[in-house]
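Mind looking at a prediction? Sequence and model below.
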Amino acid sequence: MGAKVGGGGDSRFNIGMNSDLNVTPFVDVMLVLLIIFMVVAPLATVTIPVDLPPAVETPEPPKEKPVYISLGEYDVLLVDAGSGEVQVPVPELGDALFTRFGIGKTRKIFFRADDPVKYRAIMNVFNVLQNSGYFEVNLVAEAVSS
């Protein structure tokens, strides 16, 4: 707090109190902190060399046709390996992919399911694929229009 010099009051020795905030020390501290951060900030930057691959203008076409597995409403499983959709029972899916369609274990598989299909049926198909050695399974989703 500061004191007022001069001004009202009954006696000439009565000095009133000034309750205004003194911001000068606050501004001094802020300026010192600003200078410290301006000096220290350039020293804190670290450069890490990153080797990025060159940009490719056109993506390469896929080497093999994708394999689509569709799970329908009543657990109807359809496999499309490029020659049309063929219905396959869920327990025989792994063997049918390898023997009937000649699909290798490293080939990517795209999986899609209809809306009313239960989660348990979807996970059952995933388990059959994993037990058969097919681990590159991708989910296909529709864009939701609002």
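Cool, got the structure. Numbering: from 1, shown residues only.

Just say helix, strand or coil for Arg107.
Counting by DSSP: H, G, I helix; E, B strand; the rest coil, the backbone at Arg107 sits in coil.

OK, contacts around it?
Counting by C-beta atoms under 8 Å, 6 or more residues apart in numbering, Arg107 makes contact with Glu64, Val67, Glu136. Every C-beta, even on glycine, is put in place using the N, C-alpha and C of the backbone.

Now do stretch 39-46: distance to the chain's middle.
30 Å (C-alpha atoms, centre = their mean, to the nearest Å).

What of stretch 67-79?
With C-alpha atoms, centre = their mean, you get 29 Å for stretch 67-79.

Now it: average pLDDT?
For stretch 67-79, mean pLDDT rounds to 88.

Mind listing what's buried along that stretch?
Neighbour-count burial for stretch 67-79 flags Val67, Tyr68, Ile69, Ser70, Leu71, Leu77, Val79 (criterion: 16 or more other C-beta atoms under 10 Å).

circling back to that earlier point, now go through the contacts of Arg107 and say which are in strands.
Val67 (DSSP state E).

Need the contacts of Arg107 in a markdown table (columns: distance to Phe110).
Formatted as a markdown table, these follow (distance: C-beta to C-beta, whole Å):
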| residue | distance to Phe110 |
| --- | --- |
| Glu64 | 12 |
| Val67 | 7 |
| Glu136 | 10 |
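
just the contacts of Arg107 now: which is nearest Glu57?
Glu64 (22.9 Å; C-beta to C-beta).

can you pull the contacts of that closest one?
Arg107.

Low-confidence ranges, the chain, go.
1-13, 143-146 (pLDDT under 70).

biggest helix in it, by residue count?
Secondary structure of the chain per DSSP state H: the longest helix is helix 24-44.

Go ahead and measure how far that one is from the middle of the chain.
How far helix 24-44 lies from its chain's middle: 37 Å, per C-alpha atoms, centre = their mean.

ok, now stretch 51-62?
22 Å.

Span of it from start to end?
26 Å (C-alpha to C-alpha, to the nearest Å).

Next: stretch 85-103.
Start-to-end, stretch 85-103 (C-alpha to C-alpha) is 15 Å.

Repeat that for stretch 47-54.
Termini of stretch 47-54 sit 20 Å apart (C-alpha to C-alpha).
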